[in-house]
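Novice: Show me the folded form of this:
(one chain, ligands or ions: 2)
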Amino acid sequence: MDQGFEKIPNNWHEQMINLLAERIVVVDHDGTILYINEAYCEFLGTTVKHAVNRPVQEVIENTRMHIVAKTGQKELAALHPINGSEMIANRFPIIEDGKIVGAVGSVMFRTPEEWRMYKTKIQGLVEELKYYKTKLEKELKSKYQFNDLIGKSSTFLATKKLAERISRSNSSVLLIGDSGTGKELFAHAIHNSSMRASLSFVAINCASIPEHLLESELFGYDDGAFTGAKKGGKKGQFEIADNGTLFLDEIGDMPLSMQSKLLRVLQEKEVQRVGGQRSISVDVRIIAATHRDLEKLVEEGKFRQDLYYRLNVIKLEIPPLIERKEDIPLISQSLLKKLERKFYRKGIELSAEVEERLMRHSWPGNIRELENVLERSINVIDGKTIEVVHLPLYLRDMEPESNFTNIATTLNNQLTPKTPLPIFSLKETLARAERDAILNALELTNGNKLEAAKLLEIGKTSFYEKCKLYAIK
Ligand SMILES: Nc1ncnc2c1ncn2[C@@H]1O[C@H](COP(=O)(O)OP(=O)(O)OP(=O)(O)O)[C@@H](O)[C@H]1O
Ligand SMILES: [Mg+2]
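Specialist: Ligands and ions are numbered 1, 2, ... in the order given. Take a look at the predicted model:
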């Protein structure tokens, strides 16, 4: 006997067997009944006393137990007609020291119908369970990773690096950024590279939930908390996010009364359901996001200062697209790929002029706006190239590009202190500085070369030579 089984008192064995199998019979090598339980005997219209020690064939019609006790071949889910109804039988040989010493059999369900009903019922339940499981997993698991955050500008990379570094911490994160900059994506990515990645990611949009529902949504409610409350109560998002991450989107839109309640939960790490008495402890990492100026809201008395401090442990400012214009082509490409999948298209590209216009626009709606513009364009193109005519009116009507605005943008971009200049060789650096100085001077003089030369305090010939050298027209 396996180690551990002897710990079970002998008088438990029969009860265990009867509890686990409805009708059971045990025979020896010759097919003589050694044991048969009362349920089986009752069904057969006999008694235990009468059945034991008799050949199994004499007690159970159509039995094959004596055969299994000889051949050692188990028989699973075999149909077994008894008393005019079909039973499902399982028969196993009992082996000791490599020799067949007997067999044990059990019968379940009086009819195959009963079995089919059981099967379909269970199968239905299993499928239903699978459906809800994947649905829940999809909802609770955040989708995006840091790899999905596109951009190579130094401002963006610095933010991304910081976000990656802090994802492993448990401290609250406050994501600040204009509309459409990717705050939600950052929240997902942070959760996914945290230690909580395999646990739930619950997002709640504080602006879109009616004020009177926000509390029960966040903290849940107990039985009978209000009319219409579900029987048995309901878990709140805090409880659902336990051990995972709770993403409080649009936190700047949370009503003041809720802010106090949220603060209390954050401080005490416990929630109390609406209408409930119990305190339920929760371990949740908070990521909050807003496009609003929280400091200003604090000054105006619209946002609790203490809550602001609680949330603002790690602050990440997502740069707007206008501060990382060099990312526009790359992001456009990645958005186009995404849209191609959505629209079952392939090989969509931007004309050079479109790309130039995208670079010049200020993108107040950031990446979401860019995404909308591209989606709209894909919807109206015939071929594969997005041309200016396919752009929305406000981009179509942009002033045509002048060289100087372009130069000004380049210069501005390079002069922004946030963007450290890339390192070139000294010779190239000097050449670039010289070229930039010439472009700058030309811009100031509206393209008048003589005046530009004067501004730079160099001779006319030398100025022309340098313009030729740097391909400045
Ligand atoms: N770095 C990025 N690379 C690629 N796509 C991005 C990036 N950032 C954002 N997006 C895309 O831009 C859209 C807007 O992003 P998201 O919803 O995260 O913005 P948000 O900052 O939460 O905006 P809002 O304040 O309006 O809620 C999404 O479709 C997202 O997939
Ligand atoms: Mg958002």
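
Novice: what secondary structure does residue 347 sit in?
Specialist: What DSSP: H, G, I helix; E, B strand; the rest coil gives for residue 347 is coil.

Novice: wouldn't it be in contact with residue 386 here?
Specialist: No - the pair residue 347 / residue 386 is not scored as a contact, 11.6 Å apart, by C-beta atoms under 8 Å. Bear in mind the C-beta positions are built from the backbone N, C-alpha and C, glycine included.

Novice: more neighbours, those two?
Specialist: residue 386 (25 against 9; other C-beta atoms under 10 Å).

Novice: contacting residues for that one?
Specialist: Going by C-beta atoms under 8 Å, 6 or more residues apart in numbering, residue 386 touches 348, 349, 350, 351, 354, 374, 377, 378.

Novice: And for the fifth one, the neighbour number?
Specialist: Spelled out, it's residue 354. Residue 354: 23 neighbours (other C-beta under 10 Å).

Novice: Residues of the stretch 51-200 of the chain that sit close to ligand 1?
Specialist: Within the stretch 51-200 of the chain, the positions adjacent to ligand 1 are 149, 150, 151, 177, 179, 180, 181, 182, 183, 184, 185 by C-beta under 6 Å from any ligand atom.

Novice: And the pLDDT at the fourth one?
Specialist: Per-residue confidence (pLDDT) for residue 177: 95.

Novice: in which helix or strand would I find residue 92?
Specialist: Here residue 92, judged by DSSP states H and E, is contained in strand 85-96.

Novice: And for residue 298?
Specialist: Assessed by DSSP H and E, residue 298 sits inside helix 294-299.

Novice: For the helix or strand just after that helix, list the C-alpha coordinates in PDB.
Specialist: Tracing the chain C-terminally past helix 294-299 and defining elements by DSSP H and E, one meets helix 305-311 next. What follows is helix 305-311, C-alpha atoms only, in PDB (Å, rounded to 0.1, in the frame of the first residue of the first chain):
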ATOM      1  CA  GLN A 305      -4.100  68.500  -2.200                       C
ATOM      2  CA  ASP A 306      -3.500  65.500   0.100                       C
ATOM      3  CA  LEU A 307      -4.800  63.200  -2.600                       C
ATOM      4  CA  TYR A 308      -2.700  64.900  -5.200                       C
ATOM      5  CA  TYR A 309       0.400  64.200  -3.000                       C
ATOM      6  CA  ARG A 310      -0.700  60.600  -2.500                       C
ATOM      7  CA  LEU A 311      -1.000  60.000  -6.200                       C
END
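
Novice: tell me the contacts of the residue in the stretch 351-473 of the chain that ligand 1 sits nearest to?
Specialist: When scored by C-beta to the nearest ligand atom, the stretch 351-473 of the chain has residue 367 as its residue closest to ligand 1, at 3.6 Å. Residue 367 is in contact with 180, 181, 182, 321, 331, 335, counting by C-beta under 8 Å, 6+ apart.

Novice: biggest separation within these, which pair?
Specialist: Greatest spatial distance in the contacts of residue 367: 181 and 335, 14.2 Å, computed using C-beta to C-beta.

Novice: Could you check how many residues crowd around the residue of the chain at minimum distance from ligand 1?
Specialist: Proximity to ligand 1, evaluated over the chain using C-beta to the nearest ligand atom, is greatest for residue 182 at 2.6 Å. Using other C-beta under 10 Å, residue 182 is surrounded by 26 other residues.

Novice: quick one: low-confidence parts of the stretch 301-450 of the chain?
Specialist: For the stretch 301-450 of the chain, the stretches flagged by pLDDT under 70 are 400-425.

Novice: go with 80
Specialist: Residue ranges of the stretch 301-450 of the chain with pLDDT under 80: 398-429, 431-432, 444.

Novice: got the residue ranges for the strands in it?
Specialist: 314-317, 349-350, 385-386 (DSSP state E, counting those that start in this stretch).

Novice: I'd like the ones you listed as JSON lines, with distance to residue 52 appended.
Specialist: JSON lines is the format used below for those (distance: least, C-beta to C-beta, whole Å):
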{"stretch": "strand 314-317", "distance to residue 52": "75"}
{"stretch": "strand 349-350", "distance to residue 52": "85"}
{"stretch": "strand 385-386", "distance to residue 52": "87"}
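
Novice: quick revisit: Produce a PyMOL select command limited to the buried residues of the contacts of residue 386.
Specialist: Remark: buried members of those, expressed as a PyMOL selection using 16 or more other C-beta atoms under 10 Å:
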select buried, resi 348+350+354+374+377+378
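
Novice: Helix or strand: which one has residue 102?
Specialist: Here residue 102 is covered by strand 99-108, with elements defined by DSSP H and E.

Novice: residues of that strand that come out buried?
Specialist: Neighbour counts over strand 99-108 (16+ other C-beta under 10 Å) mark 100, 102, 103, 104, 105, 106, 107 as buried.

Novice: All set, thanks.
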